[in-house]
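In: sequence and predicted structure below; questions after.
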Amino acid sequence: MTQSRPSTLDRREVLALGGAATLVLFAPDWIKSVPSAAPARPAASMIALADPRYGESLILARSLQREGAKVLALASDRARLWSYAIEPRLPGGLQYLTGLTLESDLFAFERLAENSSARTCYVGLHDWRCRQRSAHRLSGSIKLDPIAEALVSGKDRWAAKLGAALALAKKDSCEERRLALDCAAPAAQGPRFFVSWLMRWTA
Amino acid sequence: MPLPPGLSSPNFDSACKELRSIVGDDWVITADDRLTSYADPYSPGVADEHTPAGAILPTSVEEIRSVLGVANRYGLPLWTVSLGRNYAYGGAAPCLKGSMILDLKRMRAIEVDAELAYAIVEPGVTYLDLYKFIQDKKYRLWIDCPDPGWGSVLGNTLEHGIGYTPYGDHASHQCGMEVVLANGEVVRTGLGAMTDNPAWPLYKYAFGPSLDGLFTQSNFGVVTKIGAWLMPEPDVFSAIEMTFRREEDIMPMIDALRVLRLDGIVPTATIANWMRIAAGNTTRAEWYDGKGPLPQSAIDKLLKGMDIGHWGMRFGLYGRKRVVAAKREAVEKGFAHIEGAALGVVSYERGETIPPEHGTLAGIPSVDLMPLNWLGGAGAHIECPLVVPMRGAYFLDLYRRRTELFNAEGFDHYCGLTSTTPRCFINTGSIIFDRNDAEQCARARALGKTLIEDAHKRNLAGYRAHIAEMDFVAAQFDFNDHVAMRTYELLKDTLDPNGLLSPGKQGIWPKALREAKNGEGRKQ
């Protein structure tokens, strides 16, 4: 490959590398000090997707990793990630796919997974676009109270707490519940709108 | 779920029972929860007007013929989809509420001739499938794919979809088609009209009229197979990315590109304005907090922060090493007179791994929906891309007008220009909105209509449209008292007298529904 100068039109790769590197260098100590519970599920049963551009996404993935999940970094090509890293694990017992991502990633993975009888069993919308306050809207067929509690009590550690709550999420009922929260939180520096989600495969 | 128009509940149940006997119980869907995947995920608040009654998923031409037999007897309208990934234009949702979706995603046969460089594909084959098939067989062939590449090869081609390699005009590179007519007859176009003619996927024409165009963007038949030409893998591929600082640079930029396109030096090229570049990499909240469109100060901050110009352009150069080098030299000379223009080149030799940022220029399908996150919330977009002559000053005037219209509805102007043919552009103007926000949905739809109306004042038209706007766009084609539509209707009434196939697609309604819808004839 020969390159005369860095590409100018799509800077995503550069930004992504920069974001990941920054997080590694400046990650606060508490990221490493979140107490680890016993794995809620066998290690191979859950994949957590992490968007390397955003600290909150990495923190949530890391908290799930402590609970036994495998973490995969979101590459700019979601299709390749699905085809080569996620779908091949389905016969081996992969049961859950989760993450704290931009909304378009949930949309994309729901459609990439639709022929494998996946079902999204939880979606949380996390909105800081008003800066002073955050708004969270949760829906799903898992127990939502622990997730709501994690968001309310988590404050600036909300992503780690949310990850821990998601790792322990239990199937509640087949009926969907919606829960709207309005909890104060510092404005995020990134896109200020994230989605946490959990997708499940049933045999 | 709604019933098909004109069918009673017992009749619909009876039709479904017959359909189940053809395709099996699992492949006739009427339960609400299993039909959600046929709703338009990007609907600007009009999803309820486009709800299907059910879906049927055949696996073969013979099953389709039997399904059509049942549909003809019951008067059951069928809305044909290959995979239903026609997002921004309605997805799998039908124009006519209560239609039964004829979903062809289970038909997934692929055949590739590596020597003559073509594929024959059924409707359920995605670009990802075809790419993987070719890679697995180690054929030295490239496909051309749209972005994202998760849709159907056949479906995208029939909709006149586009990609980014020299084979980017998909309908031009389609050759040979198999179609099931409403009466169950199977037609093969071009040289396929002769049994086992080996040149069917090689030469587009035959003896007599060319039928293929009648079955693209239409509702005259059910297309079950197409031939698609493939590009031989080049010795060298150079990804060219250019930056132009000022808004008015678009004039000399387009005029220079036109010369290079007509000379055959530059193949398919794509131009993006600042918003398209920014939305592909960041979100709006990272640059600006206020309501309404970004003010100039925020745009300036964004341009500086991302180190981009008002415009970016990208295209590939392909071929033998010396040929690509000569083309590159011509490109550098062609744009040299534009002050501040920057050109970046990354070159790959045959067999080298091409990274995602240059994947679409090399026909590597990917899925990345980043621009939909621009506003936050549940991002969606609708489109009515215009066909615009490749003239610089003409386009700058149009661009400024469309920026005004986007801004008046509170949106930032997302603008793309793709030249798959050398004399014009497809001008995408994605209206990105939060599909969960009713007020934004209403503004998005209003802007869509305004853009279509404004284009018509300049005698320009969209080449695709969302299902909710198909009648509106079709009505703009007014030459000689809408004679083109009257001709389509004549064909529709002849080929599909019971009006079963995709009623309303591209504004073409069967006679009975034309009369029932407005009584007075033509819809305006």
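Out: Looks like it came in fine. Numbers count the residues shown, from 1 in each chain, chains lettered A, B, ... in the order given.

In: let's verify the residue in the stretch 51-200 of chain B that chain A sits nearest to: helix, strand, or coil?
Out: Using Cβ to the nearest Cβ, the point where the stretch 51-200 of chain B gets nearest to chain A is B:L128, with a distance of 5.7 Å. C-beta coordinates here come from the backbone N, C-alpha and C atoms, glycine included. The three-state assignment at B:L128 reads helix, by DSSP: H, G, I helix; E, B strand; the rest coil.

In: and what of B:Y131?
Out: Going by three-state DSSP, the state assigned to B:Y131 is helix.

In: relative to B:N273, how far out is it?
Out: Relative to B:N273, B:Y131 is positioned 29 Å away (Cβ to Cβ, to the nearest Å).

In: and if you look at B:E286?
Out: 18 Å.

In: neighbour count winner among those two?
Out: Neighbours per residue, other Cβ atoms under 10 Å in any protein chain shown: of B:E286 and B:N273, the larger number sits with B:N273, 22 against 15.

In: do a quick rundown of the helices in the stretch 101-250 of chain B.
Out: Taking DSSP state H, counting those that start in this stretch as the test, the helices found in the stretch 101-250 of chain B are B:127-137, B:153-158, B:250-262.

In: helices or strands up against the last one?
Out: Going back to what we said before, that points to helix B:250-262. For helix B:250-262, the elements it packs on are strand B:269-273, strand B:311-319, helix B:321-335, helix B:392-408, strand B:416-421, judged by 3 or more Cβ pairs under 8 Å, 6 or more residues apart in numbering or on different chains; DSSP states H and E.

In: and it, how far out from the chain middle?
Out: Chain-centre distance of helix B:250-262: 25 Å, with Cα atoms, centre = their mean, to the nearest Å.

In: can I get it as CSV, trimmed to CA atoms?
Out: The C-alpha trace of helix B:250-262 is given here as CSV (Å, rounded to 0.1, in the frame of the first residue of the first chain):
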residue,chain,number,x,y,z
ILE,B,250,-18.3,23.4,-6.0
MET,B,251,-18.5,25.3,-9.4
PRO,B,252,-15.0,24.7,-10.7
MET,B,253,-15.0,21.3,-9.0
ILE,B,254,-18.0,20.0,-10.9
ASP,B,255,-16.9,21.6,-14.2
ALA,B,256,-13.5,19.9,-13.8
LEU,B,257,-15.0,16.6,-12.8
ARG,B,258,-17.3,16.6,-15.8
VAL,B,259,-14.4,16.8,-18.2
LEU,B,260,-12.7,13.9,-16.4
ARG,B,261,-15.9,11.9,-16.3
LEU,B,262,-16.6,12.4,-20.0
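
In: contacts for that helix next, please.
Out: Contacts of helix B:250-262 from elsewhere in the structure, counted by Cβ atoms under 8 Å, 6 or more residues apart in numbering or on different chains, are B:244, B:266-267, B:269, B:271, B:310-311, B:313, B:330-331, B:334-335, B:337-338, B:341, B:390-393, B:395-396, B:399, B:417, B:419, B:422-423.

In: show me the shaky parts of the chain.
Out: Looking at chain A here, since you left the chain open. A:1-44, A:170-177, A:186-188, A:203 (pLDDT under 70).

In: ah, no, chain B please
Out: Per-residue confidence of chain B (counting by pLDDT under 70) places the weak regions at B:518-524.

In: picking up where we left off before, now the buried members of the contacts of helix B:250-262.
Out: Buried residues within those, counting neighbours by 16 or more other Cβ atoms under 10 Å in any protein chain shown: B:244, B:266-267, B:269, B:271, B:310-311, B:313, B:330-331, B:334-335, B:338, B:341, B:390-392, B:395-396, B:399, B:417, B:419, B:422.

In: would you confirm that A:A108 contacts A:R80?
Out: No - between A:A108 and A:R80 no contact is recorded; they are 11.8 Å apart, counting by Cβ atoms under 8 Å.

In: please say which of the two ends up with more neighbours.
Out: Set side by side, A:A108 and A:R80 give different neighbour counts by other Cβ under 10 Å, the larger being at A:A108 (24 against 17).

In: grab the nearest non-local neighbour of the more buried one.
Out: Residue nearest to A:A108 in three dimensions, not counting chain neighbours: A:R78, with 4.8 Å by Cβ to Cβ, 6 or more residues apart in numbering or on different chains.

In: what about the one you found, neighbour count?
Out: In terms of burial, A:R78 registers 27 neighbours under the definition other Cβ under 10 Å.

In: tell me the contacts of it?
Out: A:D105, A:A108, A:F109, A:L112, B:S366, B:V367, B:D368, B:L369.

In: tell me how far the residue most central in space within chain A lies from B:A228.
Out: Residue closest to the average C-alpha location in chain A (Cα atoms, centre = their mean): A:G99, at 1.7 Å. Spatial separation of A:G99 from B:A228 under the definition Cβ to Cβ is 35 Å.
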